[in-house]
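**Q** Build me a model:
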Amino acid sequence: MPNVSLKSFPHSVAALAVALALLGTEGTAGELAGTLAELDRSVDTADDYVTRVGVGHNAGSGVGYSEGFTTLEGLIPLIEDPERSLFFADLRMLLSNQATMGANLGIGHRVFDDDLGRTLGLFAWYDFRNTGNHQFHQLTLGFETLGEHLDFRSNVYIPNVSDRQKDLSNRFGAGHQMFVDRTEIAMTGIDMEAGGAVLNLDRLRTRGFGGGYYFTSPESDGIWGWRARAEISLANNIDLSVSVQEDDLFGTTVNIGAIFRYLQPLRRPGPGPEYPPVRSFRRPGDPVAHRDVRQRLAEPVPRFRNIVVHTDETIALASAGGSAINMLHISPAGTGDGSFASPYGTIAEALADPLADSSVIYASRGGTFTENVVLGTDTTVLSNGPTQQVTTQFGLQTLPLSGSSPTALPQIVGDVALADDSTLSGFQVTGTVSGNGVSNAVFTESRVHDAPGSAISLVASQATLSNLTIVDAGAAGIHLSDSDATVTGVTITGDAATAGTDGVLVDTDATSRTITLENLSVSDVTDAGVELNVNGTGTLTASISGSTTLAAAGNALDAETTTGSTGDLLLSVSSTSVSSSGAAGMRLDGSDGGGTLTITGFTGNGVTAAGTGGILADTVTFDSNPSTVAIESVDVEDLTISATGDGLQLLSPS
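**A** Sure, this is the predicted structure:
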């Protein structure tokens, strides 16, 4: 194994430091070149086997990539005929600004042709690129001819087209659009360029090139583009470059690069013949090759170093063949127009947007909004806390950035008023949520803390309440007054120090209503866990199911037809566990009203503790199908009762 000598490394580092210092002053290129030469002249590698090592950085974007990258390269001579031919390995490692890796592992062969007076080269590389989403592989073949006045080169890029990554995460554009159905794929292509020397001064060399390229993939149409490139070499150590390219797919991109290269000698560790010297590299003290084509055998090989990757994507539509979903972004620090790049600063600003009723208002960056919120008809306001989905032409699609803080939701400090066909999702509300005369309102994936009255209050409304947490309400956790509601997955924790608090309070009047309570959890309330009151002529149809747990100081479940009412109460209770520290587990009372309290289902229930009786039923009809004249039996299965007083009391049943 060869022994790597490090004696030239300190000089190279010093050279780089001085070069950077001089670039920041008014020193001339000649001064810089002379300084580099003096620093490295003390290391004579003329009789050594040497490799060339370089480190550099490219800033900007290019064809098929959007961020800068750092390069670590090595050119290793394999077979040399001085000033005639050079067979070598060309190795590069690429590290993007996003910490993703790439590599080029290649071989090349350059030959000087006396008859043509030109150096000809053939190259082949294996390329690798990790985009962070997928790993891509590619074969690149290249050809070049270098002359005294004109250079020409061309490369063919052949990726493994089966390398593609489907179902990439959705993303937002800078404006109001969302992109879905995203697929990342490498593109097959060819490039070519021609150019030559522009200005040569002592150890300073400048060259300019122009050319074009073509790339295509199974996921996109082919694209033609042009490219202009300039390079500056200083003392054979430092190369500076700038390139501009443009096409219809990647647009106009600009890339600026700088790389520092030095020669690293390798010597045999023990006795025996030394490795053969390499003459193809120009030493720091040598003049820059302006016209001598023989001296260009070991020049770096220009090409597209990154595998060209395109992300095919589609604008999200509200439905197949419909219009694009319009996103209105909000952020407490925003001062803009609701675009992703420039969000609104308040929810009220977004709701005032002319397109609010056909848009998705989205707190994509979270935050705290201190304001009262009055939703408009057909408006949707979502936060990035829980995972959020919207309906598109491809079905449900997840909003980018959602799910970022499901346990620490963005906040609304203020009251919220629901509206017809409105949706509010993913917020912690410090205040109240209400709806009056609204229909099809949705409040979900949220928390309500420290409401001064009832946390959620609906009057003559219809709403869906799901996946909510309600803490320390001043009255009821949920108060449904003459309303229809589906309540699912709600946890209500009361304030044990506040008198008269209910978990869910339901009052009906003249209109028949339907209430569904599923997977409900109520604790620490000082009155009823669930209270159902029929107060007028309308029928209340209520069901309590799922894994429901009610714990209260008063009656855990209290259902009654009140004095003066004529409406019926149809109640089904299943899979419900109740406990009361000071009253009954379940109180079912149809004795005061003119209507009938009917139990239509009663399965899998239990009373774990009660102070004044387990289940107290007065004037209750058990009928599994009240729509028929005959009374059909109700199966009472898996009932357990543990209580002080009567476990089960039935007065005037039918």
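**Q** Contacts only, for G595.
**A** 534, 539, 561, 565-569 (CB atoms under 8 Å, 6 or more residues apart in numbering). Using the backbone N, CA and C atoms, a C-beta is placed for each residue, glycine as well.
**Q** Quick check on those: which are buried?
**A** 534, 539, 561, 565, 567-569 (16 or more other CB atoms under 10 Å).
**Q** Using JSON lines, lay out these together with distance to S96.
**A** Shown next, in JSON lines, are the buried ones among the contacts of G595 (distance: CB to CB, whole Å):
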{"residue": "V534", "distance to S96": "67"}
{"residue": "T539", "distance to S96": "66"}
{"residue": "T561", "distance to S96": "71"}
{"residue": "S565", "distance to S96": "71"}
{"residue": "G567", "distance to S96": "69"}
{"residue": "D568", "distance to S96": "69"}
{"residue": "L569", "distance to S96": "66"}
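**Q** Tell me which stretches of this structure form helices.
**A** Counting by DSSP state H, one finds helices in the chain at the ranges 9-23, 29-41, 347-351.
**Q** lowest-confidence stretch among those helices?
**A** Lowest mean pLDDT within those: helix 9-23, at a mean of 41.
**Q** tell me the two of the contacts of G595 that are most distant?
**A** T566 and L569 (11.4 Å; CB to CB).
**Q** so what pLDDT did the nearest residue to I599 once chain neighbours are set aside get?
**A** In space, and not counting its chain neighbours, I599 is closest to F622: 5.0 Å by CB to CB, 6 or more residues apart in numbering. Here, the pLDDT recorded for F622 equals 94.
**Q** what sits against F622?
**A** 598-599, 602, 631, 633-634, 653-654.
**Q** In a markdown table: those, plus distance to V487 and pLDDT.
**A** Formatted as a markdown table, those follow (distance: CB to CB, whole Å; pLDDT from 0 to 100):
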| residue | distance to V487 | pLDDT |
| --- | --- | --- |
| T598 | 21 | 96 |
| I599 | 20 | 96 |
| F602 | 20 | 95 |
| I631 | 29 | 84 |
| S633 | 29 | 86 |
| V634 | 23 | 88 |
| P653 | 28 | 82 |
| S654 | 30 | 79 |
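**Q** In PyMOL, how would I select the buried members of the residues you listed?
**A** The buried residues among the contacts of F622 can be selected in PyMOL (16+ other CB under 10 Å) with this line:
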select buried, resi 598+599+602+634
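**Q** and the contacts of F622 as JSON lines, adding distance to V448?
**A** Converted to JSON lines, the contacts of F622 look like this (distance: CB to CB, whole Å):
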{"residue": "T598", "distance to V448": "33"}
{"residue": "I599", "distance to V448": "32"}
{"residue": "F602", "distance to V448": "31"}
{"residue": "I631", "distance to V448": "42"}
{"residue": "S633", "distance to V448": "41"}
{"residue": "V634", "distance to V448": "36"}
{"residue": "P653", "distance to V448": "39"}
{"residue": "S654", "distance to V448": "41"}
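**Q** right, and out of the contacts of F622, which lies closest to G60?
**A** The closest of the contacts of F622, once distances to G60 are taken by CB to CB, is F602, at 71.6 Å.
**Q** so where's the stretch 501-650 of the chain shaky on pLDDT?
**A** Applying pLDDT under 70 to the stretch 501-650 of the chain flags no residue at all.
**Q** Tell me which residues touch the nearest residue to G175 once chain neighbours are set aside, please.
**A** Among residues not flanking G175 along the chain, S339 sits closest, at 4.8 Å (CB to CB, 6+ apart). By CB under 8 Å, 6+ apart, the contact set of S339 is 174-176, 329.
**Q** Could you do A186 as well?
**A** Contacts of A186 (CB under 8 Å, 6+ apart): 129, 136, 138, 159-161, 163-164, 217, 307-310.
**Q** Nearest spatial neighbour of it, chain-adjacent residues omitted?
**A** P159 (3.5 Å).
**Q** hang on, isn't that neighbour packed against I307?
**A** Yes - using CB atoms under 8 Å, P159 is in contact with I307, at 6.1 Å.
**Q** any common contacting residues for these two?
**A** 127, 136, 138, 186.
**Q** Can you check those residues and name whichever has the most neighbours?
**A** A186 (27 neighbours; other CB atoms under 10 Å).
**Q** State the pLDDT value of that one.
**A** What the model reports for A186 is a pLDDT of 92.
**Q** Stretch 637-654: which residues count as buried?
**A** Along stretch 637-654, these residues count as buried under the neighbour rule (16+ other CB under 10 Å): 641, 643, 647-648.
**Q** who's L557 bridged to?
**A** Taking DSSP bridges as the rule, L557 bridges to V530, M586.
**Q** residues touching it, list them.
**A** 528-530, 544, 550, 573, 576, 578, 585-588.
**Q** Give me the buried positions along stretch 584-597.
**A** By 16+ other CB under 10 Å, the buried positions in stretch 584-597 come out as 584-590, 593, 595-597.
**Q** Which one of these is nearest to M93?
**A** G585 (70.9 Å).
**Q** Settle this for me: the closest one is touching G613, isn't it.
**A** Yes - at 7.2 Å, G585 and G613 qualify as touching, with contact defined as CB under 8 Å.
**Q** Common neighbours of these two, please.
**A** By CB under 8 Å, 6+ apart, the residues touching both G585 and G613 are A643.
**Q** if we can go back for a sec, just the ones in strands from the buried ones among the contacts of G595, please.
**A** If you go by DSSP state E, these have 534, 561, 569 in strands.
**Q** Could you dump the buried residues of stretch 637-654 into JSON lines with distance to F369 added?
**A** As requested, the buried residues of stretch 637-654 are exported to JSON lines (distance: CB to CB, whole Å):
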{"residue": "I641", "distance to F369": "48"}
{"residue": "A643", "distance to F369": "47"}
{"residue": "G647", "distance to F369": "51"}
{"residue": "L648", "distance to F369": "51"}
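**Q** Let's see which of those residues end up in strands.
**A** Reading strands off those with DSSP E, I get 641, 648.
**Q** Pick out the most distant pair among the buried residues of stretch 637-654.
**A** A643 and L648, at 9.0 Å, using CB to CB across those.
**Q** Would you map out the domains in the protein?
**A** Recorded structural domains for the chain (assignment: the TED database) are 10-43, 51-266+306-312, 316-430, 442-653.
**Q** I'd like those domains as CSV, with distance to P276 appended.
**A** Putting the domains of the chain into CSV (distance: least, CB to CB, whole Å) gives the following:
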stretch, distance to P276
domain 10-43, 19
domain 51-266+306-312, 8
domain 316-430, 58
domain 442-653, 72
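**Q** quick one: which of those is nearest E299?
**A** Closest among the domains of the chain, using CB to CB: domain 51-266+306-312, at 7.6 Å.
**Q** ends of the closest one, how far apart?
**A** 41 Å (CA to CA, to the nearest Å).
**Q** ok, D618 to L105 distance?
**A** 86 Å (CB to CB, to the nearest Å).
**Q** I figured L249 hits G222, correct?
**A** No - if you go by CB under 8 Å, L249 and G222 don't touch, sitting 9.3 Å apart.
**Q** Can you work out which residues contact both of those two?
**A** Joint contacts of L249 and G222 (CB under 8 Å, 6+ apart) are F215.
**Q** Neighbour count: the two, which is higher?
**A** Using other CB under 10 Å as the criterion, L249 and G222 rank with L249 on top: 18 against 12.
**Q** Take the buried residues of stretch 584-597 and keep only those in strands.
**A** Reading strands off the buried residues of stretch 584-597 with DSSP E, I get 586-589, 597.
**Q** What is the burial count for T526?
**A** Using other CB under 10 Å, T526 has 18 neighbouring residues.
**Q** Where does pLDDT dip in the stretch 101-250 of the chain?
**A** For the stretch 101-250 of the chain, applying pLDDT under 70 flags the ranges 167.
**Q** and D589, how far is that from R513?
**A** Counting by CB to CB, the gap from D589 to R513 is 19 Å.
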